[in-house]
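>>> Here is a sequence with its predicted model. Questions after.
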Amino acid sequence: MKAERHCGRYAIIAFLISSGIIFNLLYWRFERLQHGMGLYEHFMMSPVAGTLTILLIPLMCISGYYMLKELRLRIKLEEANRELTEMYQELKSVDEMRNSIISNVSHELKTPVTIALNACELALEENDPESLREFLAMIREALHRLNMNIDTLLEYAKIQSGDLKLRFEPVNLPPVIQKVAKEFRPMVMKKKLEIHTEMPHVMPLVRGSREHIKLVLRNLIGNAIKFNFEGGSIVISVKEHGNFVEICVSDTGIGIPPEKLDRIFERFYQVDSSSTRRHGGIGLGLAIVKDVVQAHGGEISVESEPGKGSRFCFTLPVWREDGGEASAG
Amino acid sequence: MARLLLVDDEPQIRMLTRAMLEKAGHSVEVAESGEEALRKLREKGADLVILDIAMPEMSGWEVCRAIKSDPATKHIPVLMFTVMTRDEDVSRSFESGADAHLKKPFTMRELLEAVETLLRRSGR
């Protein structure tokens, strides 16, 4: 490689010198030609210059050939270099992501454990019943949080191993939604949020797996709470659209920057993924939600305005008595 | 009896750790972010800072570096307490100038022992 590079350098020099001389000679001759002399006479008049020209032309060709080769080589090298840099960047970001996954997962699992253990320790030395109740409530909340995180990880492991087998049944949505919303009551009260549900009186049953629908709702409502401002509100609405039922969860929270909207359903993607992240979470929730909704034959979408709030909508097919899958339309 | 500054963004960890430290007779000031911690430290000072790492805006490491690079607060011992337990995290804590690294979850005894050791070492 090194020899070739030198070769290229010499080729450039040889090409420049030989072409320089040739063009000088040609120019000189051209001037003479204009004074009315024939080509043959010319050569006769200055045999040295003529011979030099003839000798130099092949040199120019050869060096030109090597020069082009060298240029092509350089372009290729440049490209390879760029590709390598890109690959390196990609690997580095994968590595960074892996690190942030490890620290996110350990943060999300160990924080509630720490809270529960410390509260236990303090509760054991506490005599005042009121404080005791407070510690117990704290332990309960920590265990709920831990359980949710473990569920998320297990669900992810299941999906990763291609083991997302859904058992479809007719599901009546309103009680499922009420039940999931109720699970979040302590968090909702703590943040002084208001949850409204907008549901029609008559609702068709949907075709889905009850537990998985709960999982989707838990993730969306959990996010709506987590990313909401204190005193904000959350609206859960259900609407029938032909063969599908559309469920939307809107919040009045911090929203998502438009350039990050396409990525939020990616695994381990977090809008703010720095190690100093603000909102915690493992970064798997929405990826799982998307997989589950699609496995139901539904779709999920998001609209958001930074500072105003986000609105996540997903669809589930209406249950048909004949057991057939509802077709889109 | 020492004056401690406890910094953590998790309100419950803040409350529980504070309760533990107060049980041992320390007076505890709390801060929920790095900026608040640095401000309180400049205003009121402290004998020891207990610092979480994964926090909003400013990480514990950055806060620690800020404490240790300011001549006015440089002498204050810093105890990191965190769920980050990988070797590189621990060494990052020490690189940023921390005096000790306590892993979460911890028991009350571990916490108090770490605090006492640092206070004794700093001559309080």
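Looks like it arrived, so ask away. A quick note: this is a predicted structure, and the numbers were derived from the prediction, not measured.
>>> how close does A:Phe184 sit to A:Asn228?
Computed with CB to CB, to the nearest Å, the distance linking A:Phe184 and A:Asn228 is 11 Å. All C-beta atoms are positioned from the backbone trio N, CA, C, and that covers glycine.
>>> cool, B:Asp52 as well?
B:Asp52 sits at a distance of 23 Å from A:Asn228 (criterion: CB to CB).
>>> Could you check which of the two is surrounded by more residues?
A direct count of neighbours by other CB atoms under 10 Å in any protein chain shown for B:Asp52 and A:Asn228 places B:Asp52 higher, at 26 against 21.
>>> That one is in contact with B:Val7, isn't it?
Yes. If you go by CB atoms under 8 Å, B:Asp52 and B:Val7 touch, sitting 6.0 Å apart.
>>> who's in contact with the residue most central in space within chain B?
The centroid of chain B falls nearest to B:Ile50 when counting by CA atoms, centre = their mean (1.3 Å). Going by CB atoms under 8 Å, 6 or more residues apart in numbering or on different chains, B:Ile50 touches B:Leu4, B:Leu5, B:Leu6, B:Val7, B:Thr17, B:Leu21, B:Leu79, B:Phe81, B:Val115.
>>> Taking the residues you listed together, which two end up most distant?
Pairwise distances across those (CB to CB) peak at 14.0 Å, for the pair B:Val7 and B:Val115.
>>> Strands of chain B, residue ranges please.
Counting by DSSP state E, the segments of chain B that form strands are B:3-7, B:27-31, B:48-51, B:78-82, B:100-103.
>>> quick one: contacts for A:Gly64?
Contacts of A:Gly64 (CB under 8 Å, 6+ apart): A:Ala11, A:Phe15, A:Ser19.
>>> tally of neighbours for B:Glu57?
13.
>>> what angle sits between the lowest-mean-pLDDT helix or strand in chain B and strand B:78-82?
Of all helical and strand segments in chain B, the minimum by mean pLDDT, DSSP states H and E falls on helix B:87-95, at a mean of 88. Relative orientation of helix B:87-95 versus strand B:78-82 (axes from the mean of the first three to the mean of the last three CA atoms, to 10 degrees): 160 degrees.
>>> ok, and for helix B:87-95, which residues are buried?
Buried residues in helix B:87-95, defined by neighbour count with 16 or more other CB atoms under 10 Å in any protein chain shown: B:Asp89, B:Val90, B:Arg92, B:Ser93.
>>> Specify the stretch among the strands of chain B that is closest to A:Leu71.
Closest approach to A:Leu71 among the strands of chain B (CB to CB): strand B:78-82, 55.1 Å.
>>> mean confidence score for the closest one?
Averaging pLDDT along strand B:78-82 yields 93.
>>> Please see if that strand touches chain A.
No. Against chain A, strand B:78-82 shows no contacts by CB under 8 Å from any CB of the partner chain, the least distance being 8.7 Å.
>>> so what does that strand touch, helix or strand wise?
strand B:48-51, helix B:60-69, helix B:87-95, strand B:100-103, helix B:108-121 (3 or more CB pairs under 8 Å, 6 or more residues apart in numbering or on different chains; DSSP states H and E).
>>> if you compare those, which one is most tucked away?
Comparing the helices and strands packed on strand B:78-82 by mean neighbour count (mean count of other CB atoms under 10 Å in any protein chain shown), strand B:48-51 comes out on top with a mean of 27.
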